[in-house]
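Asks: fold the following for me, if possible:
(one chain, ligands or ions: 1)
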Amino acid sequence: MAETVARALGRAGNPGRSGHALSIRSARDLFVARERLAELFGARDSSRFVFTGNATEALNQAIKGILRPGDHAVTTSVEHNSVMRPLRRMEEAGVTVTVVPAGPDGAVDAKAVAAAIRRRTRLVAVVHASNVTGAIQPARQILRAARKAGAYLLLDAAQTAGSVPLSLSDLPVDLLAAPGHKGLLGPQGTGFLYVREGVPVVPLIEGGTGSRSESDRQPDFFPDALESGTPNSVGIAGLGVSLAWLLRKGIGAVRRKERELLEELVEGMGRIGNVTVYGPRDPSRRASVISFLVDGMDPAEVGRRLEKEFGVLVRSGLHCSPDSHRTIGTFPEGTVRVSPGPFTTGKEIARFLAALRKIAASRR
Ligand SMILES: Cc1ncc(COP(=O)(O)O)c(C=O)c1O
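Replies: Numbers count the residues shown, from 1 in each chain. From the prediction side, this is the model:
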């Protein structure tokens, strides 16, 4: 992937802006990556995948492009700030927001979400899996409730895209947002928003698209309607390569591997007396994220020691989701989060567990 990005940097034409060879090549890179996204997520029309710079941009576009003054939105208490902050901003513009509390394991009850939906509810915005506890939310039941009420469902798949199977033909959500640099294994600076046909999203940004240049009006066809300005064609070329790898490997296989590693982790951590693991016990309800605390130890200190003494890199703190930590009772210090990926080995898990045992023993 890095080689592809380097090669693309060396010949970066502006896609769709010109008829010369480099521009056409860049446009092809975008087209190929878009087609692969559609294949990976079981969508018929790749043009409904709009490239963004990250998941935050995609979520902002979805939330601010759908909601209008007087609308009501439903969300949960385990959302990332990239959902909560745009929703709070929309409150200032006359939108009302209901936050449905999740349980202590970070899982939300679909019935509680359904009960929060009102006549004026236009958007239900839910994280597919919590980036703090890993809890996979009941997206299917939530979609059913949203559909019944005529509301749109936005699914934040930042923690599941590429690592938990998700097919838009099976789970036809209205809006799906994800970064390219997490489970999709692409470079930073890439991401996407999928918009189901017929979902009326107003663009956040208007400008040059390379299409309909004779008009001073934004094109209404996809992806141009929501894709203005020069894209990160170099990063997207790299994303295309990682998507090809995922398509070859299969997300089911990635999920199986990550589940095995998660089970080893949860079991191993459970055997260390003074370590508390958060999130659902059932590994089938958990994405590849584990939050934990060593009793009586600051999570930042645990993270620092894991890196300095054992070379293990984790993220400590609030994970840009303070409400998640309020929900599970770990605010304001947060937790330590460990997240195995498709290239993590059993040996690395064993090394991490040995390191954690030592750190935890030093506290007893
Ligand atoms: C659940 C969730 N949503 C959104 C985001 C934002 O992603 P990005 O950093 O690509 O904007 C993250 C990133 O950590 C996340 O975990």
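
Asks: now do the phi/psi pair for the most centrally placed residue in the chain.
Replies: Nearest residue to the geometric centre of the chain (Cα atoms, centre = their mean): A158, 0.7 Å. Dihedral angles of A158 (phi, psi; degrees, to the nearest 10) stand at phi -60, psi -30.

Asks: contact residues of the stretch 1-150 of the chain facing the ligand?
Replies: Residues of the stretch 1-150 of the chain lying near the ligand by Cβ under 6 Å from any ligand atom: 54-56, 80, 82, 127, 131. The C-beta positions use only the backbone N, C-alpha and C, and glycine is treated the same way.

Asks: out of the residues you listed, which is nearest to D298?
Replies: N131 (20.6 Å; Cβ to Cβ).

Asks: contacts only, for the closest one.
Replies: 80, 158-159, 289, 319-321, 324, 337 (Cβ atoms under 8 Å, 6 or more residues apart in numbering).

Asks: do that again at 7 Å, thanks
Replies: The neighbourhood of N131, defined by Cβ atoms under 7 Å, 6 or more residues apart in numbering, consists of 80, 158-159, 289, 319, 321.

Asks: related to what we said a few turns ago, how about the residues of the stretch 1-150 of the chain next to the ligand in JSON lines, adding secondary structure?
Replies: Output for those, formatted as JSON lines (DSSP: H, G, I helix; E, B strand; the rest coil):
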{"residue": "N54", "secondary structure": "coil"}
{"residue": "A55", "secondary structure": "helix"}
{"residue": "T56", "secondary structure": "helix"}
{"residue": "H80", "secondary structure": "coil"}
{"residue": "S82", "secondary structure": "helix"}
{"residue": "V127", "secondary structure": "strand"}
{"residue": "N131", "secondary structure": "coil"}
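
Asks: which two from the residues you listed end up farthest apart in space?
Replies: N54 and V127 (15.2 Å).

Asks: restricting to C-alpha, output stretch 298-307 in CSV.
Replies: C-alpha atoms of stretch 298-307 as CSV (Å, rounded to 0.1, in the frame of the first residue of the first chain):
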residue,chain,number,x,y,z
ASP,A,298,-3.9,5.7,36.4
PRO,A,299,-4.7,4.5,32.8
ALA,A,300,-2.2,7.0,31.4
GLU,A,301,0.5,5.4,33.6
VAL,A,302,-0.4,1.9,32.4
GLY,A,303,-0.2,3.1,28.8
ARG,A,304,3.2,4.8,29.4
ARG,A,305,4.7,1.7,31.1
LEU,A,306,3.3,-0.6,28.4
GLU,A,307,5.2,1.4,25.8
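
Asks: in which helix or strand would I find V74?
Replies: Using DSSP states H and E, V74 maps to strand 72-76.

Asks: and that strand, what does it pack onto?
Replies: Applying 3 or more Cβ pairs under 7 Å, 6 or more residues apart in numbering; DSSP states H and E, one finds that strand 72-76 contacts helix 81-92, strand 96-100, strand 121-127.

Asks: the nearest residue to A33 once chain neighbours are set aside: what secondary structure?
Replies: Spatially, and ignoring its direct neighbours in sequence, A33 is nearest to G240 (3.7 Å; Cβ to Cβ, 6 or more residues apart in numbering). Assigned with three-state DSSP, G240 falls in the helix class.

Asks: you'd agree G240 is up against F31?
Replies: No - the criterion here is Cβ atoms under 7 Å, and G240 misses it with F31 at 9.1 Å.

Asks: which of these two has more neighbours?
Replies: G240 (25 against 16; other Cβ atoms under 10 Å).

Asks: mind listing what that one touches?
Replies: 29, 32-33, 36.

Asks: out of the contacts of N131, the closest to H72 would be?
Replies: Among those, and counting by Cβ to Cβ, the member closest to H72 is H80, at 20.8 Å.

Asks: how close does that closest one sit to P342?
Replies: 22 Å (Cβ to Cβ, to the nearest Å).

Asks: the two: which is more packed in?
Replies: Neighbour totals were compared for H80 and P342, and H80 leads with 22 against 19 (other Cβ under 10 Å).

Asks: what sits closest to the more buried one if chain neighbours are left out?
Replies: H80's closest residue in space is S321 (Cβ to Cβ, 6+ apart), at 5.0 Å.

Asks: enumerate every residue touching that neighbour.
Replies: With the criterion set at Cβ under 7 Å, 6+ apart, S321 makes contact with 78-81, 131-132.

Asks: gap between it and the ligand?
Replies: The gap separating S321 from the ligand is 7 Å, by Cβ to the nearest ligand atom, to the nearest Å.

Asks: that'll do, ta.
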